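Novice: need a 3D model of the following:
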Amino acid sequence: MSNSNNRTAEDNRAISSTFFKKLKDKNGIYHPFYKAVSEHDDLILCFRGNGTPEKVIIYNNNHIVWELYGDEDKVGISFNHARYCENWRDIRDRLGILGFGIEDKNGNPIEPNRKGSIGMLFCEWPPKNYKDNPDSFVNQSYEIVMDMMKVFFAPKNDIDHDFFTNQDTNRKKNYSEKRWQQKLFNDLKYSNTGLFTYDLEFAQPNGAGDSQTNEPDMMAIRYEEGEPKAIVLIEVKSLYSACDPKGGSNSDIFKHIRGMKEYSESPHMKERITEAHDVLKHYKDMDLYVKEGQKIPQKQQKLKVECALIFTTADLIDIEYEMPSSKSAIHFYLNDCEGDKRIEALVNDKNWSCNVYCIGDFRRNRRHAAKKYSFPEGWK
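Specialist: Reported below is the predicted structural model:
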């Protein structure tokens, strides 16, 4: 981990010591955001030290709530979450009062561009009006962003108009994978036996080689009786269309399996082990996620490299049903994959380790009695 904020991108998502102090220390300028994560279970904090500039991103449903920047003291939010809010201009103005820049280069209130996007809004940190009370800024901006996200993540049938494009819309996305990734990140925290997730949306810095292009949904450490045994690349699939190459998806499951296998065999896994140590050390020092007494991987520790496919229902509420929806990734795996041996052939390749999990309770259905499915290790 570098000791300077003025650095080029490293192949490590841990952040510099200078940036970390701004976040962790009680008098650090970013401490109010760390405090908010500690107080709100719907927020997830992730480190992005392998980019230029280095950042800390705080998520809800794997969408950005705040971005904190290490090279300059500023905060960003994604205002595109307001596109389904009829009062989006009022929301914009409220953010402007807080201190976010809401004017275009001509000094006019910012409006959506030709593509129907506004993008990120930024605020110098701490803002002039809240230097003596930054907690108030964090609390107010949290309420504003979460109100936007509540509408943005509403059931798609409840949303019939995009106010940025001023067009009626029939959204195809319900962001179920993003919701599931948040749930899995929060739930898979097993430091004795099982999976301990520690990162979302992995991506390497720009560099050389095709082996850097794979982007697992999640990263985890697999523990056995309290000992870290393996680093695990996880791919989460919730929708049938995201699995089936016949549907023309750019992210079909076979592409991801091949990508994970190739990446798991690359030299970059040495950096991933060092990174896992540094990131878990960050969390441990912050008393966030890592439990008291939990062992974290050593930088030079020899860990197995494993992969995991997690097939879920099409939405979180479907987990209560005995059988998954026909639109779900589970349906693809349990039904339509039976005549296609590609997943089984790749998963059963003796040259690597890849486990398949299905999240849902349908063990009473005889049709799938012979099909292999289970919950991730440690899942309650």
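
Novice: does V279 count as helix, strand or coil?
Specialist: What DSSP: H, G, I helix; E, B strand; the rest coil gives for V279 is helix.

Novice: show me what counts as buried in stretch 304-317.
Specialist: V305, E306, C307, A308, L309, I310, F311, T312, T313, A314, D315 (16 or more other C-beta atoms under 10 Å). C-beta coordinates here come from the backbone N, C-alpha and C atoms, glycine included.

Novice: and the closest residue to the fifth one other than its chain neighbours, what pLDDT?
Specialist: Using C-beta to C-beta, 6 or more residues apart in numbering and skipping the chain neighbours, the partner closest in space to L309 is V356 (4.9 Å). On the pLDDT scale, V356 is placed at 84.

Novice: run me through the strand neighbours of the host helix or strand of V356, direction for each.
Specialist: Using DSSP states H and E, V356 falls within strand 353-358. With DSSP bridges as the test, strand 353-358 is paired with strand 304-311 (parallel).

Novice: what's the first helix or strand after the partner strand?
Specialist: helix 329-331.

Novice: any residues touching the helix or strand that comes right after that next one, and which ones?
Specialist: Later in the chain than helix 329-331, the nearest helix or strand by DSSP H and E is helix 342-347. Residues from elsewhere that reach helix 342-347 (C-beta atoms under 8 Å, 6 or more residues apart in numbering): I253, F254, I257, R258, K261, L309, Y333, C337, C354, N355, V356.

Novice: weed out the non-buried ones from those.
Specialist: Neighbour counting by 16+ other C-beta under 10 Å classes I253, I257, K261, L309, Y333, C337, C354, N355, V356 among the contacts of helix 342-347 as buried.

Novice: redo these as JSON lines? Include distance to Q140.
Specialist: Converted to JSON lines, those look like this (distance: C-beta to C-beta, whole Å):
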{"residue": "I253", "distance to Q140": "42"}
{"residue": "I257", "distance to Q140": "44"}
{"residue": "K261", "distance to Q140": "46"}
{"residue": "L309", "distance to Q140": "41"}
{"residue": "Y333", "distance to Q140": "44"}
{"residue": "C337", "distance to Q140": "48"}
{"residue": "C354", "distance to Q140": "45"}
{"residue": "N355", "distance to Q140": "44"}
{"residue": "V356", "distance to Q140": "44"}
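
Novice: quick check, nearest of these to F196?
Specialist: N355 (15.0 Å; C-beta to C-beta).

Novice: the closest one touches E306, doesn't it?
Specialist: Yes - the pair N355 / E306 is scored as a contact, 7.1 Å apart, by C-beta atoms under 8 Å.

Novice: show me where the stretch 151-300 of the chain has strands.
Specialist: Using DSSP state E, counting those that start in this stretch, the strands of the stretch 151-300 of the chain run over residues 161-162, 167-168, 194-200, 218-224, 227-237.

Novice: nearest to E124, of the ones you listed?
Specialist: strand 194-200 (27.1 Å).

Novice: how big is the angle separating that closest one from strand 304-311?
Specialist: Going by axes from the mean of the first three to the mean of the last three C-alpha atoms, to 10 degrees, strand 194-200 is angled at 80 degrees with respect to strand 304-311.
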